[in-house]
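> model the structure of this input:
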Amino acid sequence: MARTDLLALSFDDLAALTNRGTVKRAQRELEVNECTATLDLTDAGDVTVKWSDEVECRLPAGVVLREGRCSCAAVGLCRHLIRSVLFYQQHTAQQSGGEVATPSPQPWDPGTIGDDELARCFKPRDLAKARQQFEQGLLVELVRGVKPTARFHLQACLVRFLVPGDPRYTHCDCAAAAPCGHVPLAVWAFRKLDAAQTAGILTTAVTTLPVPVALLDEIETAVGEIPELGVSGLVSAWTSRLSRLEEKCREADLVWPAEILAELLQQHERYASHDSLFAPERVPELLGELLIRCDAIRHDTGALPQLLIRGSRTDRPQALDRARFIGLGCGVRVGKRSVELTAYLQDSDSGSVVAVCKDFADPVDDKQPPRSFAELSQAYAVKEMSLAALAGGQLLIRGGKRDASHRLMIARANATVQPQTFTWEQLPAPVLVEEFAELDARLSALPPSALRPRRVSEDFHVCKVARVEAVQFEAATQTVQAVLFDGRGQAALLQHPYTSRGQTGAEALLAKLRQMPQHLRFVAGVVRRSARGLLLQPVCVVFQDGEKRVAVQPWIDAASESTPVEVPPSTTHQNGDPLTDYWQQLQTALSGLLLLGLHRADGRNAQQWRELQQMGEAVGFARLARGAARLADELEAKSRTLRWDWRPASEAVLRLAVLGRLAQDLVN
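The predicted model follows:
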């Protein structure tokens, strides 16, 4: 009888059960015929492999791999057992005429695992405890696939099912031995997911959370004053009230609304202190997101877990002890008068991705050119260590803190930065992605970003690449592009903008992709869905260069003599995306109104919004166009009315902020 469980284990599955070094060594010994073997397979499914180096491995029927027996002195799952599994898979393929003996892997649902099967793997006491935890409420992100996954947001761990129908073959990020207590929780969660869905996010709570109506009313009243007076007209009493509301939100476990209020206060403080880091474009974004979350909390339809919208007690600042973080690259966000650089890092133990962010003000004097991104990345981020070194190395830290948004604070921590070898195949899930289809299924189940956790690394992934095609510079959009393929032949689009301040890094990326496309191994960056499929916006790409690996950080890399510089054509004229252009103009107009206030608006503002109405109708943003028309009507009425009522215009501004925040997912 064939052992389907052993045949289902891939290289990555075996590495998850042991480590990649052990699997690679076993694979190498088998490939070079370092020793020969004889296989004995009984009708019951017992597998015995006798090796010429006098090692004998036994894999009895009904026994999982980790409980196999080997005659060597090693403790646990040794390389001989791994070698025996690989040999058995090879032998079975040869017996079937060189083809795989079992059908190609198909997506399956762990929810089909019965309670009787769980009872054979867990004690009744442990199942009863798990059931109680399940009913108290968990936030779980599920993906059905060839290797289904269940990501527990509150416990910060991920369960991966390796063999169809067998809960014993699972891998979890927690420290417990497999199968751990998260497995029955994952099985029960999959049963709650609609059968027609490939992926989804759900809560297992039986009871619904109370709606803090009075607190939501206070928040909406406070932020409703911003359009009337503008950020420039808000007084100290308003900031004190917003600070109190932030504390009330934290006490009510409204973590994400509290974080938004804190950012609004920060923007107001920067304006009041004439800080050049004040970003007026952030005000409509924050206002829109806050109102969206308040509305979703007030009107709980059950379509989306409230813990996702509100945040939870686990989304709190956390003190760190000893930790090792692997640098995954540095990204750039360009504002109107400032630039934010973000170095992404993954905790090697927990697998969570954190970020070190640093803002830089652009020169006020137009005669002084802004510094390049490569130059900015050399600024110190941790003591005397630069952002570039942090993003491309590994950080060893003792102390520090991680805030609710997963920003890493290292001010007084004992920290050092060392080089890394970019062996990213060892990165823990869920940041490491093997298959684009699985990632696409996960992203398709996510709600709009305004209703998701506000972690800076929420959409950040490291994607394993099998091959690259169609490398080009597209002059129309001024972007470096390439089509990436995973091991199963699924495609995704890599796209990176060419900018004057990031010119050297973009050229280095284009040159490497053209010179050695067959050697691209990993792409790290923000991933989103688009009309052309998955879109990867890279902050770091890793190539195999002989025995070593080299990384290119396309935002911040400086020119080097070893990298030929290719100047893309037609960099002076750029045909931007009309949707993006319209959204940016809308946000600029909104930020201007929210800065000065409606009482200081005049006929020019009315004309501006009338033009935005016409532009919105032309590009198909119907709701935004109607909102712009309503605001233009109210502003035009102001010039004809002695006692103008500003409240309808304020409602129009806030509605446009909400619609603009929702549209942001379409244009970014």
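> low-confidence stretches in this protein?
Low-confidence segments of the chain, defined by pLDDT under 70: 1, 97-104, 366, 411, 559-576, 668.
> how does it divide into domains?
Domain ranges of the chain: 4-95, 110-203, 213-310, 318-420, 432-552, 578-667, per automatic domain parsing.
> ok, longest helix in this protein?
helix 647-667 (DSSP state H).
> about what we covered before: ok, which of the domains of the chain comes nearest Ala558?
In terms of C-beta to C-beta, the element of the domains of the chain nearest to Ala558 is domain 318-420, at 4.1 Å. For glycine as for every other residue, the C-beta is placed from the backbone atoms N, C-alpha and C.
> now the residue most central in space within the chain: how far from Val526?
By C-alpha atoms, centre = their mean, the chain has its centre lying nearest to Asp459, at 2.2 Å. Asp459 is 5 Å from Val526, where distance means C-beta to C-beta, to the nearest Å.
> same thing with Gly620?
For Gly620 relative to Val526 (C-beta to C-beta), the value is 25 Å.
> compare those two (neighbour count), which wins?
Val526 (17 against 11; other C-beta atoms under 10 Å).
> what strands flank the helix or strand hosting the more buried one, and is each parallel or antiparallel?
Applying DSSP states H and E as the criterion places Val526 in strand 520-530. Partner strands and pairing direction for strand 520-530 (DSSP bridges) are strand 460-464 (antiparallel), strand 533-545 (antiparallel).
> just the CA atoms of the longest one, as PDB, please.
I take that to be strand 533-545. The C-alpha coordinates for strand 533-545 follow below in PDB (Å, rounded to 0.1, in the frame of the first residue of the first chain):
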ATOM      1  CA  GLY A 533      -3.100  40.400 -11.300                       C
ATOM      2  CA  LEU A 534      -0.800  40.400  -8.300                       C
ATOM      3  CA  LEU A 535       1.400  43.500  -8.300                       C
ATOM      4  CA  LEU A 536       4.700  43.500  -6.300                       C
ATOM      5  CA  GLN A 537       6.200  46.800  -5.400                       C
ATOM      6  CA  PRO A 538       9.800  45.800  -4.400                       C
ATOM      7  CA  VAL A 539      11.900  47.300  -1.700                       C
ATOM      8  CA  CYS A 540      14.600  44.500  -2.000                       C
ATOM      9  CA  VAL A 541      15.300  41.800  -4.600                       C
ATOM     10  CA  VAL A 542      17.800  39.000  -4.000                       C
ATOM     11  CA  PHE A 543      19.900  37.400  -6.800                       C
ATOM     12  CA  GLN A 544      22.100  34.200  -6.600                       C
ATOM     13  CA  ASP A 545      25.500  35.200  -7.800                       C
END
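> list the buried residues for it?
Residues Leu534, Leu535, Leu536, Gln537, Pro538, Val539, Cys540, Val541, Val542, Phe543 are the ones in strand 533-545 that count as buried (16 or more other C-beta atoms under 10 Å).
> ok, the residues you listed vs Tyr88, which is closest?
Among these, and counting by C-beta to C-beta, the member closest to Tyr88 is Val542, at 32.9 Å.
> test my guess that the closest one contacts Phe522.
Yes. Val542 is within contact range of Phe522, at 4.3 Å (criterion: C-beta atoms under 8 Å).
> overlap in contacts, those two.
Common contacts of Val542 and Phe522 (C-beta atoms under 8 Å, 6 or more residues apart in numbering): Phe422, Trp424.
> can you give me the helices in the stretch 301-450 of the chain?
306-310, 373-376, 387-392, 436-444 (DSSP state H, counting those that start in this stretch).
> for the third one, packing partners?
Here helix 387-392 is seen to pack against strand 322-334, strand 338-347, strand 353-361, strand 380-382, strand 533-545 when contacts are counted using 3 or more C-beta pairs under 8 Å, 6 or more residues apart in numbering; DSSP states H and E.
> hmm, try it at 10 Å
Using 3 or more C-beta pairs under 10 Å, 6 or more residues apart in numbering; DSSP states H and E as the contact test, the elements touching helix 387-392 are strand 322-334, strand 338-347, strand 353-361, helix 373-376, strand 380-382, strand 414-419, strand 533-545, strand 548-552.
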